[in-house]
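>>> Let me see the structure of the following:
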Amino acid sequence: MIGRIRGELIELDGNLATIEAGGIGYEVLLPESIALQMPNVGEAATVIVRQVFREDGTSLYGFLERGERHLFDLLLEVQGCGPKVALALIGQLGQEGVVSGIVTQDARSLQRANGVGPRLAERIVLELREKVTQKRLLDKAAVAARGANGRPPDELVEALLSLGYRRGEAENAAAEVRGESDALDEQIKAALRKLQR
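Predicted coordinates for the structure are as follows:
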């Protein structure tokens with residue numbers, strides 16, 4: 001199975017990208033929104049891929065994030081939702097738009113994507129709501145555990161945020177006073193002095 005391709009984008013025709021890696025040109029179908037984010041022809045490109053096997057051949061579908069590929073996989077589990085429709089949903093509504101439509105049971109919003117009628121939209125919501133909601137909660141918990149920027153939560157910044165300062169202000173003040181003391185309460189006092197100037 002091909003899971004990721006990193007190489008040179010040698011052609012982009014609508015939502016069909018050809019990426020050359022190791023001397024082989026891989027044709028990868030992309031959601032519309034992702035095709036618009038691709039680099040210029042001749043530049044390096046990396047896509048996370050799902051290889052789909054069918055009776056009439058094998059196709060590669062490309063995404064920029066693992067979450068998009070996971071959503072694509074979930075959509076393929078729904079009867080009547082093939083790769084083209086799944087690609088249209090992600091490409092036209094965006095990952096967050098599809099997830100939001102499923103979680104809030106807003107089947108009508110899913111119908112904005114090409115190929116999605118009322119019955120299919122209802123089936124997607126019915127079959128995927130629990131899985132998508134559970135995944136969303138796990139993702140939020142993971143972000144909270146490591147901090148939104150991928151690092152452990154910064155106690156000084158969190159303390160300043162709880163006092164009503166905006167994140168940018170809090171982070172700047174925290175960076176300025178960080179070396180002045182090892183004690184959190186002293187750092188908070190010093191940061192507050194900076195912020196009140």
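
>>> Name the nearest residue to residue 177, sequence neighbours excluded.
residue 190 (4.0 Å; Cβ to Cβ, 6 or more residues apart in numbering). For every residue, glycine as well, the C-beta is placed using N, CA and C.

>>> Residue 2 and residue 60 touch, don't they?
Yes - under the criterion of Cβ atoms under 8 Å, residue 2 makes contact with residue 60 at 6.4 Å.

>>> Look at those two and report which has more neighbours.
More crowded of residue 2 and residue 60, by other Cβ atoms under 10 Å: residue 60, with 18 against 12.

>>> For the more buried one, which residues are in contact?
2, 5, 26-29, 49-52 (Cβ atoms under 8 Å, 6 or more residues apart in numbering).

>>> How about residue 59?
The neighbours of residue 59, taking Cβ under 8 Å, 6+ apart as the test, are 29, 51-52, 83.

>>> any idea how far it is from residue 26?
11 Å (Cβ to Cβ, to the nearest Å).

>>> quick one on the thing from earlier: select only the buried ones of the contacts of residue 60 in ChimeraX?
The buried residues among those can be selected in ChimeraX (16 or more other Cβ atoms under 10 Å) with this line:
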select :5,26,28,29,49,50,52
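
>>> quick one, strands of the chain?
Assigned by DSSP state E, the strands in the chain fall at 4-13, 16-21, 24-29, 44-54, 57-63.

>>> helices or strands next to the first one in the packing?
With contacts defined as 3 or more Cβ pairs under 8 Å, 6 or more residues apart in numbering; DSSP states H and E, the packing partners of strand 4-13 are strand 16-21, strand 24-29, strand 44-54.

>>> again, but for the second one
For strand 16-21, the helices and strands in contact under the criterion 3+ Cβ pairs under 8 Å, 6+ apart are strand 4-13, strand 24-29, strand 44-54.

>>> what does the fourth one give?
Using 3+ Cβ pairs under 8 Å, 6+ apart as the contact definition, the elements that strand 44-54 packs against are strand 4-13, strand 16-21, strand 57-63, helix 66-76.

>>> I am finished for the moment; much appreciated.
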